[in-house]
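In: Requesting a structural model of the entry that follows:
(one chain, ligands or ions: 1)
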Amino acid sequence: MSNLYILDHPLIQSKLTRLRDKETSNKEFRELCAEISSLICYEASRDLILDDINVSTPLGETKGKVLENKIGIIAILRTGIGMAEGILSLIPNAKLGHIGLYRDPNTLMPVEYFCKLPEHTENCQIFVLDPMLATGGTASAAIQFIKERGINNIKYLCLIAAPNGVKRVQADHPDVDIYTAALDEYLTENGYIFPGLGDVGRRLYGTK
Ligand code: URA
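Out: Numbers count the residues shown, from 1 in each chain. This next block holds a predicted model:
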């Protein structure tokens, strides 16, 4: 079974409260989304592997560390982009991919309409990003499409998770750990997470 990490760090929780506030502007919402995402990624990257290297300081030689893992981040369109910026500020050399899905109105099955993924190499750690883990349908399908391209070492990062979404991803992808700033109460009839953040696309970009 995959692990669910709910990150209770005071910086994350205080920023999340400002993010929830309906009076927060689009500009501040984008900034907070990026900041919280980089803090979540900080926790999610704790077990990255380090190699030893030698380094020369102005005073002499010492031992240092470099990341052994290559890092790839995959933003689920479109709101995952709001998280990617914060993570790139923390790991500027990470490769950024995008995946976009829509639900076919006849079959109700998720269909991929855009997919550009980071090249997968050995020891590559992939972070899949989507701010709201609601029903888990999109998350699970996106992870499935990504795995079908041979990418396996995946962690799923979101800002808010709903219990249904967590259950769905854990059932479909027991190898994928989930990192979130909050586990909220339930999904409304319209598929919004309560109390949540509202329509994240609208709050990030000012468009419906
Ligand atoms: N997408 C959103 O923008 N908000 C939610 O609460 C759930 C999905």
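
In: Show me what the lengthiest helix in the chain is in contact with.
Out: With secondary structure taken from DSSP state H, the chain has its longest helix at helix 26-44. Outside helix 26-44, the residues within contact range by Cβ atoms under 8 Å, 6 or more residues apart in numbering are 5, 7, 9, 11-12, 15-16, 18-19, 24, 82-87, 89-91, 127, 129, 131, 155, 157, 159, 177, 179-181, 203-206. All C-beta spots, glycine's among them, are computed from the backbone N, C-alpha and C.

In: which ones among the residues you listed are found in strands?
Out: Taking DSSP state E, the ones among the contacts of helix 26-44 that sit in strands are 5, 127, 129, 155, 157, 177, 179-180.

In: who in this structure is up against the ligand?
Out: 132, 134, 191-193, 196, 199-201 (Cβ under 6 Å from any ligand atom).

In: Just the ones of these in helices?
Out: Per DSSP H, the residues of the chain next to the ligand map to helices at 200-201.

In: Select only the buried ones of the residues of the chain next to the ligand in PyMOL?
Out: If you want just the buried ones from these in PyMOL, going by 16 or more other Cβ atoms under 10 Å, the selection is:
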select buried, resi 132+134+192+193+196+200+201
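
In: so how far is the longest helix of the chain off the chain centroid?
Out: Distance, stretch centre to chain centre, for helix 26-44: 10 Å (Cα atoms, centre = their mean, to the nearest Å).

In: if we can go back for a sec, need the residues of the chain next to the ligand in a markdown table (columns: pLDDT and distance to residue 144).
Out: What follows is these, written out as a markdown table (pLDDT from 0 to 100; distance: Cβ to Cβ, whole Å):
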| residue | pLDDT | distance to residue 144 |
| --- | --- | --- |
| 132 | 98 | 19 |
| 134 | 97 | 17 |
| 191 | 94 | 20 |
| 192 | 97 | 24 |
| 193 | 98 | 22 |
| 196 | 98 | 25 |
| 199 | 98 | 26 |
| 200 | 98 | 22 |
| 201 | 97 | 23 |
